[in-house]
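# sharing a model prediction with you, sequence too.
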Amino acid sequence: MSKTNANTRRTFLRNISLASGGLMLGFKWNSAHAEMPAIFNAADPVIAPSFNSYLTIATDGTVNIFSPNPELGQNIMTSFAQIVAEELDADWTKVRVTQAPLDTKAFDRQLTGGSGAIPHSWMRLRKAGASARWLLLHAAAQQWGVAPEECTADNGFIIHKPSNKKLGYGELATAASTIEMPKEVPLKDRKDFKLIGKPIRNIKNKDIITGKPIYGLDFYREGMVIAMVQRPPAFGTKIKSINDAAVKASPGILDVVKFQENVAIVGKTTWEIMKAKKLLEVEYEKAGNIESTADHDALFTSMLDGEKVTVQRKDGDVETAFKNAAKIIKSEYQSPFLPHSPLEPMNFFAHVHADGVELVGPTQTPQAARQAVAKLLNIPQEKITVDITRLGGGFGRRLKFDYVVEAAELSSIIKKPVKVIWSREDDMMGGSYRPAVRYRFEAALDASGNMIGYKLRGAGINAGNSTRHDNFPSGALNNLLIESVDHQSPITTGAWRAPTTNFLAFAEQTFLDEVAEAAGKDAVQFRLELLEKARKAPVGKISYDIERFDNVIRTVAEKSGWGKKKGVSQGFSVYFSHASYVGQVCDMVVKDGKPNIQKIYAVSDCGQVINSSGALQQVKGAIVDGYGHAMFGKLSFVDGKPEQNNFNNYRLIRMKEIPEIDASFVDNGKDPTGLGEPALPPTGGAVANAIYKATGKRLKKQPFIEEPLFADA
Amino acid sequence: MPQYNITINGKSRQVDVAEDTPLLWVLRDHLQMCGTKFGCGIGQCGACTVHLNGSAVRSCSTPIASVKGRAVTTIEGLSEKGDHPLQVAWDEVDVPQCGYCQAGQIMTAAAFLKRTPKPTQEQVENAMNANICRCGAYHRIREAVLEASKNMKP
């Protein structure tokens, strides 16, 4: 079990210091531009608030990089290390990565979400690696009395070819720390990359496959107690009365505590608490709207028909365009709520003590969690430490910090270190879902099949603006109107991997297919024509790069043999997706009267790929995720209570259901964008469009499995 | 509370727990062996998979009383140095994303390969269908099991 000490900035620096000397570079994570790093005294680093990330080279040659971003499977620890090691020309077998604790002065983007870590860090990490390499090379040249230009770096060594001299980074590290840092260092040309773009295995594989206690749920502290919490089972209710006599009389139970609308059962072991929790009797009463999925279905209609909408974007004159239309296509698409279902249930350790608060656990957003705890307990943020464990999945769920605050509040009440554990049922019923939405699209075509008007109205439940109004096809249409309307509900929602676009892309890409068909055009050609319009006569703000968009469309069409295959029905989808571009084609056949998915082709443009193994994992995983949830995912409500509560009645995709995936990347050398989300949004549309081609049935509601098409004969 | 003597990874361990305590929580809470994961608690996800006398079972649904006399193997004891052919294949194929389900996946696969040393892809899919990977790393899980099967000692 892991035992972590309170990790203040001072102890963090002590922990990374190198007793026997070596080289330590500090660099600025939170500067506007990637600045040059500075040399620290490796044996006794002093606190320097503006420098906040560290690269160390020990005298044995070990390179350590401190990764600030929470790791949840996006493989950020490996990618960060690869970028530094590339510019450093390090021996990859000697590179280590350590998860840094929360330090808001240190890291300005210490958050996992929005596929943003790599774009933010790219230049900073390169400069850090290149600077260390420069110092090592100059230290060697000085020692040998030769010109630095005659020296080269390779795989952890500085080499002087003319004299056949060679020194390891460990041998040079201490001397390198005495060299003056230059104002700028050259960065490598991408043709010389040896690590970036290569398939480097996950740096934490060994810990994972041997069962090391690296996740939040594995954290243990001497003297801590365990707690599970009964939360209101239905949204819109509050506690009326509690009978906890039987719970208190149960073996191993230390306390039953009511706070907010929660009843915490505190005990010694998880199983004793789970058993006792079944004996807890709580009566609930109405505290707000009690809503059911059936109500929402009716509500969506009235929201979409009503006029209480917010205009998100308006170009030209849609009224006139629709009046003049030769043909109008109108279609609606609806998605259910979805739980995130990371496999590690929510949990957090909290210890509120006389000197402050210690928090340890899996979070995508340590900074916001600490702010919330500080506010609730009225304790200054400086007195609150957050250690981040590895996350057993996130998918957006751990961007919310309700479970962190809850643990802290409970610890402050019981005055003990406590680890709060959620069961799967707690997680699935506990709120923070992908919002349910319904979209209404309308397109106006002229007599020659040109789209002269486009309308989108999005209605959501706690969805905010459920549109992405500046994304494609905005910019390609003279007359366009995008509006949203939102309903405030007690059913709590939150960011779910690829927020909004995880369903919007499906709806939009399916609708564009409908319009293309009505216009008598090929799906690919239709999209290319829209882009051509945006290129020649752009209208308003355009958030996407037309050439990169155009290129993924053509590339995936070519790779998939679009329009050339016999006996296979193909569906197309493309999306400018969280700063990257992803085009997908789905191959479908009909087998035993049912659609049978054969393959998904995916071409992604995320600029420079950092780790080709990790990148493939992200794309394939995102497609499996997008397909699985489009196919099976549904959380429904009756009287405010979720009807699904565990994996026996909430279906997640399994191995036998996955499609084959042919994933590739555009190699254009542009600065990298993220990959945690981008490949997910286009998948549902590619699949639904292929199903339409194969069966003539247009799927407009998720999950697909509920369509009569999939009903067992 | 009753006392149980159980053999875990070849070592004899003693615990005082209620007879209905699932093996999962004996491992995690009482023996501080956290390699075996809690995912759903109802035997649906497979994250808690361990071996009882070489067969894969769901430790979340296996009361300690039923373990009596049978040898328990967990991920920590699958191999001495983390070099079981499946663990080697898992690293080589670079399977893990978040990694939380992987101990359970490996334990399911290990028991399966013991019974079926040279499986077809379809047999692998049938066997591994019991385990959920929320990150969707299924392609590589399948590949790693097939890869490991080439290196299993008969």
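Received it, and whenever you're ready, just let me know what you need. Residues are numbered from 1 along each chain as shown, chains lettered A, B, ... in the order given.

# pretty sure residue A:374 contacts residue A:386?
No. If you go by CB atoms under 8 Å, residue A:374 and residue A:386 don't touch, sitting 10.9 Å apart. From N, CA and C alone the C-beta is placed, and that goes for glycine too.

# the two: which has the busier surroundings?
Ranked by neighbour count (other CB atoms under 10 Å in any protein chain shown), residue A:374 and residue A:386 place residue A:386 first, with 26 against 18.

# show me where the chain dips below the pLDDT cut-off.
Assuming you mean chain A. A:1-15, A:29-32, A:46-52, A:68-74, A:102-118, A:713 (pLDDT under 70).

# not what I meant, chain B
For chain B, the ranges with pLDDT under 70 are B:154.

# residue in it nearest to chain A?
Nearest residue of chain B to chain A (CB to the nearest CB) works out as residue B:35 at 2.1 Å.

# wait, what's in contact with that residue?
Shown in contact with residue B:35 (CB atoms under 8 Å, 6 or more residues apart in numbering or on different chains): A:210-213, B:74-76, B:103.

# among these, which one has the most neighbours?
Using other CB under 10 Å as the neighbour criterion, residue B:75 leads the contacts of residue B:35 with 30 neighbours.

# mind checking the SS state of the closest residue in space to it that isn't next to it in sequence?
Leaving out its chain neighbours, the residue that sits closest to residue B:75 by CB to CB, 6 or more residues apart in numbering or on different chains is residue A:211, at 3.5 Å. Here residue A:211 is recorded as coil under DSSP: H, G, I helix; E, B strand; the rest coil.

# could you pull out the helices in chain B for me?
With DSSP state H as the criterion, chain B has helices at B:23-25, B:85-92, B:102-115, B:121-128, B:138-151.

# who's in contact with the residue most central in space within chain B?
What sits nearest the mean C-alpha location of chain B, by CA atoms, centre = their mean, is residue B:107, with 2.9 Å. Residues counted as contacts of residue B:107 (CB under 8 Å, 6+ apart) are B:49-51, B:56, B:73-75, B:78.

# can you go through those and name the buried ones?
B:49-51, B:56, B:73-75, B:78 (16 or more other CB atoms under 10 Å in any protein chain shown).

# which ones are touching the residue nearest to residue B:75?
By CB under 8 Å, 6+ apart, the neighbours of residue A:211 are B:33-36, B:74-76, B:103.

# mind putting those into a markdown table with distance to residue A:249?
Converted to a markdown table, the contacts of residue A:211 look like this (distance: CB to CB, whole Å):
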| residue | distance to residue A:249 |
| --- | --- |
| B:33 | 30 |
| B:34 | 30 |
| B:35 | 34 |
| B:36 | 30 |
| B:74 | 33 |
| B:75 | 37 |
| B:76 | 36 |
| B:103 | 36 |
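
# identify the farthest-apart pair in the residues you listed.
Spatially, the most separated pair among these is B:33 and B:103, at 10.8 Å (CB to CB).

# could you verify my assumption that residue A:672 touches residue A:608?
Yes. Residue A:672 is in contact with residue A:608 according to CB under 8 Å; the separation is 4.6 Å.

# between these two, tell me which one has more neighbours.
residue A:672 (22 against 19).

# now do the SS call for the more buried one.
Assignment for residue A:672 (three-state DSSP): coil.

# cool, and the one 10 residues further on?
Using three-state DSSP as the criterion, the local structure at residue A:682 reads helix.

# run a quick neighbour tally on residue A:342.
Residue A:342 - counted by other CB under 10 Å - has 25 other residues nearby.

# what of residue A:284?
16.

# residue 142: how many residues sit nearby?
You didn't say which chain, so I picked chain A. Neighbours around residue A:142, by other CB under 10 Å: 15.

# chain B was what I was after
For residue B:142, using other CB under 10 Å, the count is 19.

# likewise for residue A:43?
14.

# so it: helix, strand or coil?
With three-state DSSP as the basis, residue A:43 sits in coil.

# pretty sure it sits against residue A:19.
Yes. The criterion here is CB under 8 Å, and residue A:43 meets it with residue A:19 at 6.3 Å.

# want to throw the contacts of residue B:107 into JSON lines with distance to residue A:690?
Output for those, formatted as JSON lines (distance: CB to CB, whole Å):
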{"residue": "B:49", "distance to residue A:690": "35"}
{"residue": "B:50", "distance to residue A:690": "41"}
{"residue": "B:51", "distance to residue A:690": "42"}
{"residue": "B:56", "distance to residue A:690": "36"}
{"residue": "B:73", "distance to residue A:690": "44"}
{"residue": "B:74", "distance to residue A:690": "43"}
{"residue": "B:75", "distance to residue A:690": "39"}
{"residue": "B:78", "distance to residue A:690": "41"}
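
# mind checking which of those residues land in strands?
Among those, the members found in strands (DSSP state E) are B:49-51, B:56, B:73.

# one step back: how near is the residue nearest to the centre of chain B to residue A:169?
Applying CB to CB, to the nearest Å, the value for residue B:107 to residue A:169 is 40 Å.

# next one: residue A:430
49 Å.

# who's more crowded, those two?
residue A:169 (31 against 23).

# got the phi/psi numbers for the more buried one?
Backbone torsions of residue A:169, given as degrees, to the nearest 10, read phi -60, psi -40.

# surely residue A:163 touches residue A:146?
Yes. Under the criterion of CB under 8 Å, residue A:163 makes contact with residue A:146 at 7.0 Å.

# out of the two, which sits in the busier spot?
The neighbour count for residue A:163 versus residue A:146, taken as other CB under 10 Å, is higher for residue A:146 (15 against 11).

# that's a helix at that one, yeah?
No. Counting by three-state DSSP, one finds residue A:146 to be coil, located in no helix.

# contacting residues around the nearest residue to residue A:642 once chain neighbours are set aside?
Distances taken as CB to CB, 6+ apart put residue A:429 closest to residue A:642, at 4.9 Å, once the chain neighbours are dropped. By CB under 8 Å, 6+ apart, residue A:429 lies in contact with A:231, A:233, A:641-642, A:645.

# so residue A:429 versus chain B, what's the distance?
Noted for residue A:429: a distance of 13 Å to chain B, by CB to the nearest CB, to the nearest Å.

# residue A:134 in helix, strand or coil?
Secondary structure, three-state DSSP: residue A:134 is helix.

# what helix or strand does the residue lying closest to residue A:339 once chain neighbours are set aside sit in?
Leaving aside its sequence neighbours, residue A:339 sits nearest to residue A:428 (CB to CB, 6+ apart; 4.8 Å). Using DSSP states H and E, residue A:428 sits in helix A:424-429.

# can you name the next helix or strand after that helix?
strand A:437-445.

# thinking again about what came up before, and the residue nearest to residue B:75, backbone torsions?
Torsion angles, degrees, to the nearest 10, at residue A:211: phi 80, psi 30.

# where does the stretch 301-450 of chain A get nearest to chain B, residue-wise?
For the stretch 301-450 of chain A, CB to the nearest CB, closest residue to chain B: residue A:392, 3.1 Å.

# give me the neighbour count for that residue.
Around residue A:392 there are 29 residues (other CB under 10 Å).

# coming back round to it: OK, contacts around the residue nearest to residue A:339?
Residues near residue A:428 by CB under 8 Å, 6+ apart: A:339, A:341, A:635, A:642, A:644-646, A:650.
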